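**Q** Here is the input, now give the coordinates:
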Amino acid sequence: MKTTNFFLTMAAIGGLFLASCGGEHTTEETTTESTDSVAVAIVDKKVDLASSKVSWTGEMIGIKAHFGTISLSEAAVKMSGDKVVGGNFVANMSSITPLDENYAPDGSAQGTRAMLVGHLSSPDFFDVAGFPTASFEITGTNADGSLAGNLTVRGKTNSETVKDVVVNAANGTVTGTLAFDRKKYDVAWDSPMKDAVLSDEIKLTVELKVVG
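**A** Below you'll find the predicted structure:
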């Protein structure tokens with residue numbers, strides 16, 4: 001599996017943030033934006049969950065790719081001027097929705113859309129019954145504009161980076177991309193079919209709709 005848009009990540013897998021989902025307010029934290037030590041307040045931004053999402057992409061190498069979305073149950077963003085400096089998101093893993101067309105018709109013995117969702121939800125992949133959520137928390141910003149953070153999937157947490165972070169003031173979105181090695185999170189299923197290799201990399205695009 002993999003994805004498609006961030007912070008979306010709020011990042012960019014997504015996401016994705018530490019702020020509360022309540023109304024906007026200014027905290028006591030500040031960051032220096034110039035050599036004149038002009039302080040820019042860090043502001044907590046509310047996220048519209050219904051208009052936000054994480055897109056994913058996963059690929060059977062040389063055969064086909066599946067892609068779709070996962071909805072968010074929590075998200076928040078911290079902004080300093082026009083830059084994302086903190087935040088988090090929590091994905092509802094029971095909302096996995098495939099959007100590609102690489103499926104057999106409903107009622108087929110194998111290869112249907114419903115079967116893929118069932119397989120992705122099983123212990124072979126994300127074990128949704130045991131781990132109903134996945135999350136990302138921003139821990140810092142990098143000189144290239146990417147966001148460092150902790151991704152948690154199946155109860156395992158690793159450091160990951162949200163890249164290609166874009167803040168679009170015109171439509172109020174924050175987006176970013178995150179690619180991670182599924183096997184680091186015990187998503188370790190391997191295809192039993194000859195010449196069918198499931199990519200270890202899952203790609204995410206996080207898109208957060210910021211309001212207020």
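**Q** Please make it C-alpha for all contacts and neighbour counts, starting now.
**A** Will do.
**Q** for this protein, longest strand please?
**A** Longest strand in the chain, counting residues (DSSP state E): strand 156-168.
**Q** Can you give the strand pairings for that strand, parallel or anti for each?
**A** Within its sheet, strand 156-168 is paired with strand 147-153 (antiparallel), strand 173-181 (antiparallel), according to DSSP bridges.
**Q** need the contact list for residue 188.
**A** The contact partners of residue 188, taken as C-alpha atoms under 8 Å, 6 or more residues apart in numbering, are 124, 125, 182.
**Q** rerun that using 10 Å as the cut-off
**A** 123, 124, 125, 126, 181, 182, 198, 200 (C-alpha atoms under 10 Å, 6 or more residues apart in numbering).
**Q** Name the SS class of the second one, please.
**A** Three-state assignment for residue 124 (DSSP: H, G, I helix; E, B strand; the rest coil): coil.
**Q** Now restrict the contacts of residue 188 to buried residues only.
**A** In the contacts of residue 188, burial by neighbour count holds for 123, 125, 126, 181, 182, 198, 200, counting by 16 or more other C-alpha atoms under 10 Å.
**Q** hang on, the last one packs against residue 182?
**A** Yes. The criterion here is C-alpha atoms under 10 Å, and residue 200 meets it with residue 182 at 5.6 Å.
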